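A.B. asks: Show me how the following folds:
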Amino acid sequence: MKIRKIPGGITTAKGFSAASCEAAIKYPNRKDMAMVFADVPCAAAGVFTSNKVKAAPVLWNMDIVKNGKPAQAVIVNTGIANAGTGETGMKICRETAAHTAGLLGISADSVLLGSTGVIGPNLPIERINAGISAMAKTLSASAEAGTDASIAIMTTDTVNKETAVEFDLPAASGEGTVTVRLGGMSKGSGMIHPNMCTMLAYLSTDCVIRRDLLQKALSAVVIDTFNMISVDGDTSTNDTLVVMSSGLAENKPIIEEDESYAVFCEALASVCRELAIRMAGDGEGATHLIETRVIHADTKENARTLARSVVASSLVKAMIYGKDANCGRVLCALGYAGPDFDPASITINMVGEKGSLCFYKDGCVQAFDEDKALALLSEHDIHFLCDMNMGNAEATAWGCDLTYDYVKINGDYRT
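C.D. replies: Numbering: from 1, shown residues only. As a prediction, the model looks like this:
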């Protein structure tokens, strides 16, 4: 059952609509709030930041998801994170959810919340509620509404991130198959690092799937997608990844880990992987996407650790930005990652559209063509292939280069 990429995002699945507005929370002359609404109560699953300091909306969402409550709406604002705000922040969450619930005719504890921006200030609740009132009147299931919502949740992102897929599952009627859709949107450009990586991401599907299996699928998929990207080594207070299932596709309900569950997991991984890669490539000030694939490692976890070490290395990032083939920095990042390996047995290649270049083999840095190296480093996507020659495990991680603009963006982010 093939996964097919289709146009769209958060409104692609049956039963979902979206809206956005300019609430003037921080950013002038641009939309800075988004709303997602489901026609029916949805099964909801989520994964949240590992930071000990959790923003108020993260705590709010964790209560909903972990207690198995259905979700029916999402409210997201940019500019102010509602983090480090204590009880005042939680009060704002309660007021935001209550206002949304009153307008949409739903329960307040079915409203998920997301905030991103500066840590510390309190959200202006009057502007938040005014924005919600405006969006409640303009909800639309159109692809354009979904795209506008993905734009509205951006902060320092330079492009919006949305994607969607469809796939076929057995019909609930027992005759033939039905088309199931899954789409989503995300934002993230800075403070991005695994466990979980810094971001807000919202996914929607019309698949009929038991809530605990939806959570199990999401928790598994995040490991090799969103947890394999790094921009700057900082893990945010606001990381949120949630998926809502309307169950309107009329597929045979997924109630066990069968073939249909495997297909759903594949589709979920496809959407999460694409959003993750787009986030890594749009890191603050970035000019290159870095992809590191580790193959023939002894264990899956060691493969992940090694791959992440390369993309997270500040020296590797600087090397890519400067197009300086100082490839010993990749070797060094593997060496301090933690997993044990024999340096004399590994091979490291740089691969691109213009061919490939081996710069480390048999325990020695290899002589290589500097012009070819420059050509590969001039491509937008930089690929490193690290063969550990130890086993059959592999993993891929994504990051971006480190530029002067990263410092500029974060040097005056608040002011």
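A.B. asks: check which helix or strand covers the residue nearest to residue 11 when sequence neighbours are not counted.
C.D. replies: Ranked by C-beta to C-beta, 6 or more residues apart in numbering and with sequence neighbours excluded, the top spatial neighbour of residue 11 is residue 146, at 3.7 Å. Just so you know, the C-beta spots here come from the backbone N, C-alpha and C atoms, and that holds for glycine as well. Residue 146 is located in helix 143-152, with elements delineated by DSSP states H and E.
A.B. asks: got it, and residue 267?
C.D. replies: Here residue 267 sits within helix 259-281, counting by DSSP H and E.
A.B. asks: picking that back up, quick one: buried residues of the helix holding residue 146?
C.D. replies: 143, 145-152 (16 or more other C-beta atoms under 10 Å).
A.B. asks: what element comes up after that helix heading to the C-terminus?
C.D. replies: The helix or strand immediately downstream of helix 143-152 is strand 161-170, counting by DSSP H and E.
A.B. asks: got the buried residues for the longest strand along the chain?
C.D. replies: Of all segments of type strand in the chain, defined using DSSP state E, the longest is strand 33-48. By 16+ other C-beta under 10 Å, the buried positions in strand 33-48 come out as 33-38, 41-48.
A.B. asks: Closest one of the residues you listed to residue 159?
C.D. replies: Checking the buried residues of strand 33-48 against residue 159 by C-beta to C-beta gives residue 34 as the nearest, at 15.9 Å.
A.B. asks: can you pull the pLDDT of that closest one?
C.D. replies: Reading off the confidence values, residue 34 has pLDDT 98.
A.B. asks: isn't it right next to residue 17, touching?
C.D. replies: No: using C-beta atoms under 8 Å, residue 34 is not in contact with residue 17, being 11.5 Å away.
A.B. asks: quick one: low-confidence parts of the chain?
C.D. replies: 1, 189-198, 231-237, 283-285, 404-415 (pLDDT under 70).
A.B. asks: Roughly how far does the residue nearest to residue 11 sit from residue 99?
C.D. replies: 23 Å (C-beta to C-beta, to the nearest Å).
A.B. asks: related to what we said a few turns ago, could you list the paired strands of the longest strand of the chain along with their orientation?
C.D. replies: According to DSSP bridges, strand 33-48 has the following sheet partners: strand 16-21 (antiparallel), strand 71-80 (antiparallel), strand 240-245 (antiparallel).
A.B. asks: Now render these as TSV, adding mean neighbour count.
C.D. replies: Shown next, in TSV, are those (neighbours: other C-beta atoms under 10 Å):
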stretch	mean neighbour count
strand 16-21	24
strand 71-80	25
strand 240-245	28
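A.B. asks: buried residues in stretch 154-163?
C.D. replies: Buried residues in stretch 154-163, counted by 16+ other C-beta under 10 Å: 154-157, 160-163.
A.B. asks: for it, the distance to its chain's centre please.
C.D. replies: Centroid separation between stretch 154-163 and its chain, computed with C-alpha atoms, centre = their mean, to the nearest Å, is 11 Å.
A.B. asks: for it, how far is the first residue from the last?
C.D. replies: The first residue of stretch 154-163 is 15 Å away from its last residue (C-alpha to C-alpha, to the nearest Å).
A.B. asks: Report the backbone C-alpha coordinates of stretch 347-367 in PDB.
C.D. replies: C-alpha atoms of stretch 347-367 as PDB (Å, rounded to 0.1, in the frame of the first residue of the first chain):
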ATOM      1  CA  THR A 347      35.400   5.000   5.800                       C
ATOM      2  CA  ILE A 348      34.000   8.500   5.400                       C
ATOM      3  CA  ASN A 349      32.700   9.900   2.100                       C
ATOM      4  CA  MET A 350      31.200  13.200   1.100                       C
ATOM      5  CA  VAL A 351      28.500  12.700  -1.500                       C
ATOM      6  CA  GLY A 352      26.500  15.000  -3.700                       C
ATOM      7  CA  GLU A 353      25.000  15.600  -7.100                       C
ATOM      8  CA  LYS A 354      28.500  16.200  -8.500                       C
ATOM      9  CA  GLY A 355      29.800  12.800  -7.400                       C
ATOM     10  CA  SER A 356      31.500  11.500  -4.300                       C
ATOM     11  CA  LEU A 357      34.800  12.000  -2.500                       C
ATOM     12  CA  CYS A 358      36.500   9.700   0.000                       C
ATOM     13  CA  PHE A 359      38.500  11.700   2.500                       C
ATOM     14  CA  TYR A 360      39.100   9.000   5.200                       C
ATOM     15  CA  LYS A 361      40.000   5.300   4.900                       C
ATOM     16  CA  ASP A 362      42.200   2.700   6.500                       C
ATOM     17  CA  GLY A 363      43.000   4.900   9.400                       C
ATOM     18  CA  CYS A 364      44.300   7.800   7.300                       C
ATOM     19  CA  VAL A 365      43.000  11.100   5.900                       C
ATOM     20  CA  GLN A 366      43.100  10.600   2.100                       C
ATOM     21  CA  ALA A 367      44.500  12.900  -0.500                       C
END
